[in-house]
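*Asks:* have a look; sequence and predicted model below, questions after that.
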Amino acid sequence: NTQLLQLLRVQKPLIAAAMAASDDAVVRKLFSEVQKLLADEQFAEALPVIEKVLVSIPGDEDALRCQLVSLVRSGRCQDALDLIEGNASLKAVGHFERAYCLFKTHRLEEALEAVQASSENSFRYKELEAQTRYRLEQFEECIALYGTMIEESSDDFSTERETNLVAARVAHMLSSDGVLYDVSHESEDVYELTYNAACVALARGEAEQAAKLLEQAQESCRATLLDEDPDITEAEIQEELGLLRVQHAYAKQTLGASKEALADYSAVLKSRPPDPTLVAVASNNVVSIHKDQDVFDSKKKMKHCFAADVVDKLASYQSEAMDMNHCLLLLHMNQHDGCRKFAVELEAKYPQSNWPCIIRAASLSKQKKTKQALEILKRTATSRPSEELQLAIAHAELTLGNKAEAVAAVRAMPSLSARPAIVSWLVDMQAAAGDVQSAIDSLNEAVAVNAKSGAPESTLKALLRGSGACKLQHERFAEAVKDYERLVELDESDAPSLAQLVAALSHVDVERATQYADALPDPDFQGEAALDVDTLEAHNVFVRERRTQAKTAIPSGPKVVELVKRSRKKRQRKIPSHLDPAVTPDPERWVPKWERKAYAARRKKKRQHDVGKGTQGAAAASSAQPEPTTPTSPQPAPQQTSSSKKKKSKGRKR
């Protein structure tokens, strides 16, 4: 954009010349309006006016160049590219504009060819080439170009170039293993440089340092924005701080503070930042924190990672991470068919990655198809062996109960066998199988590899302690002595290792054990570790004798009390008094009555079927009908009831 501003400065005298050359007052007025709009950077408003000029003067070169600049500056790069391709005069003079439009429409290879084909050796071409190589992930060439421009330039864009240089170094470190850069010389006055320095620290694995730098960058950014515009609102400041806050949350997530990181991600997403790339990165990191929890929320957030305006702006390592997280999300949602189908697509898209194969195997294993998963893992490991695949194979073998095959899978990768956690697992598995010698060999090999490779002293000490403890447990005292002697040589103040050395030497060389025992520090019973002997002696400690012990005599003064094992009588079962041994008990005696074969349900009383049916008042109407008048045989007179009987009064239901 800065180079296009320079192009605009060149256009102003061309517009003035076109106005002077035109005899039409209407055209001069239109050119004057175009010049005013371009000076105010109202490029979208200038386009309709330029169209009127082209109607009056078709094919005017100055008007076409103004139209080209306005299209580019208003973000309509594809329309600008179509204008260049359809006009021979613009194609002859618009080399840079064409290359820039190719870059903005993500036709990077064509953009690089257009830049290299130009004979102009200006900074704008070099900067466009550096940006194109950055997007093509040709980071070494990009870094070299920025270094050359910083040395040769003397304009006002040196800070931007230094920022882009550090960004290229960060991307190179993240995309390549073993590439490291030092940014200790970078300035801390500009928050962009501080931010990039924090990114370098993250790439080097220095998350704590990165978190401190990001805090400084946020403070510097806020102060810079307030200095530039005292009337800026807090919402605008938060919008500018969005990128720094997301990166700070990532540093917290790396340090294990997932709750704090999740709160920061959610706050940024709640503010609805306008940058879709920032939204995609924050959403992806939220999904990685959720894992197999809140899968429906993760599914919604994952849609931001595959938006049309995001895919072309992400680096390859970012796109790969988002694709893998999407595949894992399908696994957590138990959509196994979709998960395996997408994993196959990822294997073709990222042939250097082993994770699609591992995810596909995990999906099969989750459906109790571990044998199929093991076949897939072994087939892939044959053509492309790696630590991840060997660990996945060992896990599958353990699931199937094949412990020996699991150990063999781990031993197949020497780089795995030297890691403390893997060594601990190997030793446990081999010792449990009764192969003590193999367990000791694994420990000796791990100690030798770490000592030769210059591993941290803490790692070497942990391996030596584990090796010595294992050898002591299996009575390999002479070998244990060597391990503990090395520990004492590394740290003479290591009292626990010195005590273990004395214990091992007591079985091998008593005199040396005595010498080392004299070097043991005296116990410190002062301060917090002080002991009250009288309190300990007065404390009642009951020692329970085991039931399997024989009779033991305990002398107590002049008397001897003999402890005798108490025998308990076997409790007799109670038999019912009415039980007849000759009669076989009913096999259904414990079954509920309603489930027994002989059970017969009670018959319910038949009620009047007509009661309660029909419309209201039907029964009363039928009873009120008059008797038939047809004469019948005389009926006996009714008997009178005793007047002493009283009707029962119905009480109120409570």
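*Replies:* In hand now; what should we look at?

*Asks:* Lys570: neighbouring residues, count only.
*Replies:* Using other CB atoms under 10 Å, Lys570 has 6 other residues around it. Every C-beta, even on glycine, is put in place using the N, C-alpha and C of the backbone.

*Asks:* for Pro581, see how far away it is.
*Replies:* Applying CB to CB, to the nearest Å, the value for Lys570 to Pro581 is 21 Å.

*Asks:* Ala210 now?
*Replies:* When CB to CB is the yardstick, Ala210 and Pro581 sit 85 Å from each other.

*Asks:* which of these two has more neighbours?
*Replies:* With neighbours defined as other CB under 10 Å, Ala210 and Pro581 compare such that Ala210 has more, 26 against 6.

*Asks:* and the host helix or strand of Gln515, what does it pack against?
*Replies:* Per DSSP states H and E: Gln515 is located in helix 510-518. Applying 3 or more CB pairs under 8 Å, 6 or more residues apart in numbering; DSSP states H and E, one finds that helix 510-518 makes contact with helix 495-505.

*Asks:* what residues of the helix it packs on count as buried?
*Replies:* Ser497, Leu498, Gln500, Leu501, Val502, Ala503, Ala504, Leu505 (16 or more other CB atoms under 10 Å).

*Asks:* closest one to Trp355 out of those, please.
*Replies:* Looking at these and their distance to Trp355, the nearest is Ser497, at 40.9 Å (CB to CB).

*Asks:* check contacts around the closest one.
*Replies:* Ser497 is in contact with Arg465, Gly468, Tyr484, Leu487, Val488, Asp491, counting by CB atoms under 8 Å, 6 or more residues apart in numbering.

*Asks:* in which helix or strand does the fourth one reside?
*Replies:* Spelled out, it's Leu487. Counting by DSSP H and E, the element that carries Leu487 is helix 477-490.

*Asks:* do the second one as well
*Replies:* When elements are defined using DSSP H and E, Gly468 is found to belong to helix 457-473.

*Asks:* what's in contact with that helix?
*Replies:* 420, 423-424, 427, 431, 439-440, 443-444, 446-447, 450-451, 477, 479-480, 483-484, 486-487, 490-491, 497, 500, 503-504.

*Asks:* can you count the residues close to Arg602?
*Replies:* Here the number of neighbours of Arg602 (other CB under 10 Å) works out to 5.

*Asks:* returning to that earlier point: can I have the buried ones of the contacts of Ser497 as a PyMOL selection?
*Replies:* The following PyMOL selection, which keeps only the buried ones among the contacts of Ser497, applies the criterion 16+ other CB under 10 Å:
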select buried, resi 465+468+484+487+488
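
*Asks:* columns pLDDT and distance to Thr254 on top of the contacts of Ser497, output as a markdown table?
*Replies:* Written out in a markdown table, the entries for the contacts of Ser497 read as follows (pLDDT from 0 to 100; distance: CB to CB, whole Å):
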| residue | pLDDT | distance to Thr254 |
| --- | --- | --- |
| Arg465 | 88 | 29 |
| Gly468 | 88 | 34 |
| Tyr484 | 88 | 37 |
| Leu487 | 88 | 32 |
| Val488 | 86 | 37 |
| Asp491 | 85 | 30 |
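
*Asks:* just flag the most distant two among the contacts of Ser497.
*Replies:* The most widely separated members of the contacts of Ser497 are Gly468 and Asp491, with 13.8 Å between them, by CB to CB.

*Asks:* angle of the helix holding Gly468 against helix 495-505?
*Replies:* In this structure, helix 457-473 runs at an angle of 30 degrees to helix 495-505, with axes from the mean of the first three to the mean of the last three CA atoms, to 10 degrees as the basis.

*Asks:* alpha carbons of helix 457-473, as CSV, please.
*Replies:* Listed in CSV are the C-alpha atoms of helix 457-473, where the atom choice follows Å, rounded to 0.1, in the frame of the first residue of the first chain:
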residue,chain,number,x,y,z
GLU,A,457,22.1,-33.2,34.6
SER,A,458,18.7,-33.7,36.2
THR,A,459,17.8,-36.3,33.5
LEU,A,460,21.0,-38.2,34.1
LYS,A,461,20.6,-38.1,37.8
ALA,A,462,17.0,-39.5,37.6
LEU,A,463,18.2,-42.4,35.4
LEU,A,464,21.1,-43.2,37.7
ARG,A,465,18.8,-43.2,40.7
GLY,A,466,16.3,-45.5,39.0
SER,A,467,19.1,-47.8,37.8
GLY,A,468,20.6,-48.0,41.3
ALA,A,469,17.3,-48.7,43.0
CYS,A,470,16.5,-51.5,40.5
LYS,A,471,19.8,-53.2,41.0
LEU,A,472,19.5,-53.0,44.7
GLN,A,473,16.0,-54.5,44.6
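
*Asks:* which SS class is the residue minimising distance to the centre of the chain?
*Replies:* Among the residues of the chain, the smallest C-alpha distance to the mean C-alpha position (CA atoms, centre = their mean) belongs to Ser288, namely 2.3 Å. Using DSSP: H, G, I helix; E, B strand; the rest coil, the structure places Ser288 in helix.

*Asks:* would you confirm that it contacts Asn325?
*Replies:* Yes - applying CB atoms under 8 Å as the test, Ser288 and Asn325 come out as touching, 6.0 Å apart.

*Asks:* show me what the helix holding Gln515 is in contact with.
*Replies:* Under the contact criterion CB under 8 Å, 6+ apart, helix 510-518 has outside partners Leu498, Leu501, Val502, Leu505, Ser506.

*Asks:* and stretch 579-598, by the same measure?
*Replies:* Taking contacts as CB under 8 Å, 6+ apart, the residues outside stretch 579-598 that touch it are Tyr599, Ala601.

*Asks:* can you point out the buried residues in it?
*Replies:* Buried-residue list, stretch 579-598, by 16+ other CB under 10 Å: empty.

*Asks:* what of stretch 289-296?
*Replies:* Residues of stretch 289-296 classed as buried by neighbour count (16+ other CB under 10 Å): Ile289, His290, Val295.

*Asks:* what's the first-to-last distance across that stretch?
*Replies:* From its first residue to its last, stretch 289-296 covers 14 Å (CA to CA, to the nearest Å).

*Asks:* tell me the mean pLDDT for it?
*Replies:* Taken as a whole, stretch 289-296 carries a mean pLDDT of 91.

*Asks:* quick one: which helix or strand includes Ser493?
*Replies:* Ser493 belongs to no helix or strand when assigned by DSSP H and E.

*Asks:* Ala263 belongs to a strand?
*Replies:* No - membership of Ala263 in a strand is not supported by three-state DSSP, which gives helix.

*Asks:* that one: neighbour count?
*Replies:* Per other CB under 10 Å, the neighbour tally for Ala263 reads 13.

*Asks:* so who does it touch?
*Replies:* Contacts of Ala263 were listed using CB under 8 Å, 6+ apart, and none were found.

*Asks:* please report how far it lies from Pro273.
*Replies:* Ala263 is 16 Å from Pro273, by CB to CB.

*Asks:* many thanks, I have nothing further to ask.
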